[in-house]
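*Asks:* output the structure for:
(chains A and B)
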Amino acid sequence: MMKDPFGGMLLNTAFRILVPFSLVYAVYVLILGESSPGGGFQAGVVMGFGIILARLILGEDSGIFNIRLKNSLALAGCGTFIYTLAGWLTLAGGGKFLDYSFLPVAMEETHELHALGILMIETGVTICVMMTILNIMDAVVRRSED
Amino acid sequence: MSLALHSPVFIVLLPLSASLLCLAFSRIHRKLGAYVVQLALFGALISSLVTMRHVLAEGTKSVHYWMGNWAPPIGIEFVVDPLNTAVACMITFLAFVISFYSKPFLENEDWLHYGGYFTLYGLLTVGLCGMTVTGDVFNMYVYLEIMSLSGYGLIALGGHKSMLAAFRYLLVGTIGASLYLIGIGYLYAMTGSLNMADISERIQPFVNTPLFAFVVACFLIAFGIKMALFPLHGWQPDSYTFSHPGAAGFISGCMSKVPAYAMLRYFFYVFGIHNTVMGALMNVLGIMGICGILIGSVMALAQYDFRRMLAYSSVAQLGYIAVGMAMGNIYGFIGAVLHLINHAFMKSSLFLVVGGIAYRFGEVNLYRLGGLNKKMPVSSIATVLAVLSMIGIPPTCGFFSKWYLMLGAFEGQQYIFIAVLVVSSLLNAIYYVRIVEQMFVQREASLTEIHDPETKLGMPLSMVIPIGVTGLAILILGIYSSSLVTNIVEVGLPEVLLK
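*Replies:* Take a look at the predicted model:
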């Protein structure tokens, strides 16, 4: 955790615009990743960037962005589990592993089910990448403060 | 039964899901994550047994599982044949048994280390099982990386000099993985496919081209590094010596065997051995194996550190597998496969014993083990069984694999292999019997206990039982060796050898 945040009036003001913008943009990249450049990995990086920015500027006061190392490690695992969960759901729906046509969701069209399945695994990847980036950040900060 | 149809995917999926959730569960309670991983490993063991039953009952040569129902060669498939279910059963069995053994070593760790250890342990199992059952070339690369990365982590957790050993393995291992990736790239350029069965047909027009020779050389070096075949084994003694004592049994038992199995699968099932390039390669493999056997044995003879001696002995034993492959006939193949399975149990058993001694006395010098038969009876008996098996004395399993290797060498009239096998058995006898001598004959060494033995058997029960089970497995594998060969190995023989 950053002990000495390097905020100031200018950065604190910019933060109010930059962080929400990067988070919203990350969600945009995540959802449109299926049909345009982008996807889970990129969304995770952008989201991680937003959170790191908040923590650099506000330090310990960054509120919900202040995700501790122990939580971020566990969440990175859970993020990847969402990926496998998509596979478990298709198995539960009677299909083969990751056969999205068998997702147990009431949808008429097969391609909608496929989109849903892919969105699900991309969400998992996003969470995993975001938390892993926070872990790396934590490791670097801890080393520099030692 | 629909679940039986999905059993191939459960072998990988169960440990994968559990190890991903392990840290989150450990956050709730320190030991909860470990229980989840153990449960999943048990599930994986059951799945591999179900798969084996399915494959053997089917009468067909293999069972295919298409991921996402995409038909190969476009989709990724798991291909389970009699041989790789046997290897998968071996991996999941050892993983499950040794997971209990690890626990006393972690007793004083916080939740992060406790959960983290089991996460890596579960992922290592995932990588090993995945490499074994996958039928896709690139998918195997992914599992190879999962295996290697979790392996680096587990080795680095050992403390003391383990960081350096892990870093060295990381550098060498990455070169191996990169070479494998380059090999895949060229293979794809030649055949336009990533499916093993598909490649085995499409590669045939190219088998005499220089590019094919390059690919094969890449694969030889890549898997050679991962399985610690002779000139590529530099990383291995340090890594095995300094790895986490709880996982050392599993790492030494399985982590080098699965790349050996992968090599065997590529050479015999995908590329076929009856062409000029592969013929030359078999000679190289044979020479590497012979040098590995001799130099590994001699180096093992020179060690004081019990763990290091076992690590060099592994270099020699992997040489046996290479020699078995290099013979290129049915007996040699059976010998290689049998030795692959047998050696996993022998080496695990011995490493578990060393870990136990280190746990109780903090001692790894093999000249300070006097009178251990009274202090740790179960470990001593397991050591005797493993030692007999290493030398190759019936009815332990080591005898049978060496027997088949000898038969193979006779059939191929490769008398140099016979000479090497005999010499190395003698060397094995010299360096292993001195351990038994130390344990049973020598005066009692003055050892200070750093952990309370807890039971009369000299160690906590969760450590004694795995040692006993792996020791017993050596005997059982030996006694049922013939049924293992006729029911599993001979059913799964590659077609190139049957012609």
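
*Asks:* after the helix or strand bottoming out on mean pLDDT in chain B, which helix or strand is next?
*Replies:* Across the helices and strands of chain B, mean confidence by mean pLDDT, DSSP states H and E is lowest for helix B:2-5: a mean of 76. Sequence order places helix B:7-28 as the next helix or strand after helix B:2-5, per DSSP states H and E.

*Asks:* that next one vs chain A: in contact?
*Replies:* Yes. Counting by C-beta under 8 Å from any C-beta of the partner chain, chain A has neighbours in helix B:7-28: B:9, B:13, B:16-17, B:19-24, B:26-27. C-beta here means a position set from N, CA and C on the backbone, and glycine is covered the same way.

*Asks:* which neighbouring elements make contact with that helix?
*Replies:* Secondary-structure packing of helix B:7-28 (3 or more C-beta pairs under 8 Å, 6 or more residues apart in numbering or on different chains; DSSP states H and E): helix A:69-92, helix B:32-58, strand B:63-66, strand B:77-80, helix B:82-102, helix B:111-133.

*Asks:* now those as TSV including mean neighbour count?
*Replies:* Output for the helices and strands packed on helix B:7-28, formatted as TSV (neighbours: other C-beta atoms under 10 Å in any protein chain shown):
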stretch	mean neighbour count
helix A:69-92	20
helix B:32-58	21
strand B:63-66	18
strand B:77-80	24
helix B:82-102	26
helix B:111-133	26
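
*Asks:* just put these in a markdown table and tack on distance to B:Leu388 and mean pLDDT.
*Replies:* Formatted as a markdown table, these follow (distance: least, C-beta to C-beta, whole Å; pLDDT from 0 to 100):
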| stretch | distance to B:Leu388 | mean pLDDT |
| --- | --- | --- |
| helix A:69-92 | 43 | 90 |
| helix B:32-58 | 27 | 92 |
| strand B:63-66 | 37 | 90 |
| strand B:77-80 | 33 | 92 |
| helix B:82-102 | 20 | 93 |
| helix B:111-133 | 27 | 94 |
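
*Asks:* wait, which of the ones you listed is closest to B:Tyr331?
*Replies:* helix B:82-102 (15.7 Å; C-beta to C-beta).

*Asks:* ok now that closest one, how far from the chain's centre?
*Replies:* Counting by C-alpha atoms, centre = their mean, to the nearest Å, helix B:82-102 is centred 10 Å from the centre of its parent chain.

*Asks:* CA atoms only for that helix - export them in CSV, please.
*Replies:* The C-alpha trace of helix B:82-102 is given here as CSV (Å, rounded to 0.1, in the frame of the first residue of the first chain):
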residue,chain,number,x,y,z
PRO,B,82,-5.3,-47.3,-22.3
LEU,B,83,-1.8,-46.0,-21.8
ASN,B,84,-2.6,-42.4,-20.8
THR,B,85,-5.4,-43.5,-18.4
ALA,B,86,-2.8,-45.5,-16.6
VAL,B,87,-0.5,-42.5,-16.4
ALA,B,88,-3.4,-40.3,-15.3
CYS,B,89,-4.3,-42.8,-12.6
MET,B,90,-0.7,-42.8,-11.4
ILE,B,91,-0.6,-39.0,-11.3
THR,B,92,-3.9,-38.5,-9.5
PHE,B,93,-3.2,-41.3,-7.1
LEU,B,94,0.2,-39.9,-6.1
ALA,B,95,-1.2,-36.4,-6.0
PHE,B,96,-4.0,-37.5,-3.6
VAL,B,97,-1.8,-39.5,-1.4
ILE,B,98,1.0,-37.0,-1.1
SER,B,99,-1.4,-34.1,-0.4
PHE,B,100,-1.9,-35.6,3.1
TYR,B,101,1.8,-35.9,3.5
SER,B,102,2.4,-32.2,2.9
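
*Asks:* that one vs helix B:7-28, what angle?
*Replies:* For helix B:82-102 against helix B:7-28, the angle by axes from the mean of the first three to the mean of the last three C-alpha atoms, to 10 degrees is 20 degrees.

*Asks:* find the residue at the geometric middle of chain A.
*Replies:* A:Ile127 (3.1 Å; C-alpha atoms, centre = their mean).

*Asks:* report the angle between the lengthiest helix in chain A and helix B:7-28.
*Replies:* For chain A, the helix with the greatest residue count under DSSP state H is helix A:110-145. Inter-element angle recorded for helix A:110-145 and helix B:7-28: 40 degrees (by the same axes, to 10 degrees).

*Asks:* next, the buried residues of helix A:110-145.
*Replies:* Neighbour counts over helix A:110-145 (16 or more other C-beta atoms under 10 Å in any protein chain shown) mark A:113-115, A:117-135, A:137-138, A:141 as buried.

*Asks:* so, low pLDDT: which residues of chain A?
*Replies:* Scanning chain A with the threshold set as pLDDT under 70 gives A:1-5, A:7, A:60, A:62, A:145-146.

*Asks:* got the residues of it near chain B?
*Replies:* So far as C-beta under 8 Å from any C-beta goes, chain A lies against chain B at A:70-71, A:73-75, A:77-78, A:80-81, A:84-85, A:87-88, A:90-91, A:94-101.

*Asks:* let's see it at 6 Å
*Replies:* For chain A, the residues in contact with chain B (C-beta under 6 Å from any C-beta of the partner chain) are A:73-74, A:77-78, A:80-81, A:84, A:96-99.

*Asks:* would TSV of those with distance to B:Ile91 be doable?
*Replies:* Listed next are the residues of chain A next to chain B as TSV, based on distance: C-beta to C-beta, whole Å:
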residue	distance to B:Ile91
A:Leu73	26
A:Ala74	27
A:Gly77	22
A:Cys78	26
A:Thr80	22
A:Phe81	22
A:Thr84	20
A:Lys96	23
A:Phe97	20
A:Leu98	23
A:Asp99	26
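
*Asks:* check contacts around B:Leu21.
*Replies:* Residues near B:Leu21 by C-beta atoms under 6 Å, 6 or more residues apart in numbering or on different chains: A:Phe81.

*Asks:* wait, doesn't B:Arg368 sit right on B:Ala445?
*Replies:* Yes. In terms of C-beta atoms under 6 Å, B:Arg368 counts as a neighbour of B:Ala445; the distance is 4.6 Å.

*Asks:* got any ranges where chain B has weak pLDDT?
*Replies:* For chain B (pLDDT under 70), the answer is B:1-2, B:59-60.

*Asks:* now do the lengthiest helix in it: which elements does it pack against?
*Replies:* As assigned by DSSP H, the longest helix anywhere in chain B is helix B:330-361. Helices and strands touching helix B:330-361, by 3 or more C-beta pairs under 6 Å, 6 or more residues apart in numbering or on different chains; DSSP states H and E, are helix B:82-102, helix B:245-254, helix B:257-265, helix B:306-327, helix B:377-391, helix B:397-411, helix B:461-479.

*Asks:* can you say which of those helices is nearest to chain A?
*Replies:* helix B:82-102 (16.5 Å; C-beta to the nearest C-beta).

*Asks:* list the contacts of that closest one.
*Replies:* Contacts for helix B:82-102 (C-beta under 6 Å, 6+ apart): B:11, B:38, B:41-42, B:44-45, B:48, B:51-52, B:55, B:125, B:128-129, B:132-133, B:246, B:249-250, B:253-254, B:261, B:341, B:344, B:348, B:352, B:462-463, B:466, B:469, B:488, B:491-492.

*Asks:* thank you, goodbye.
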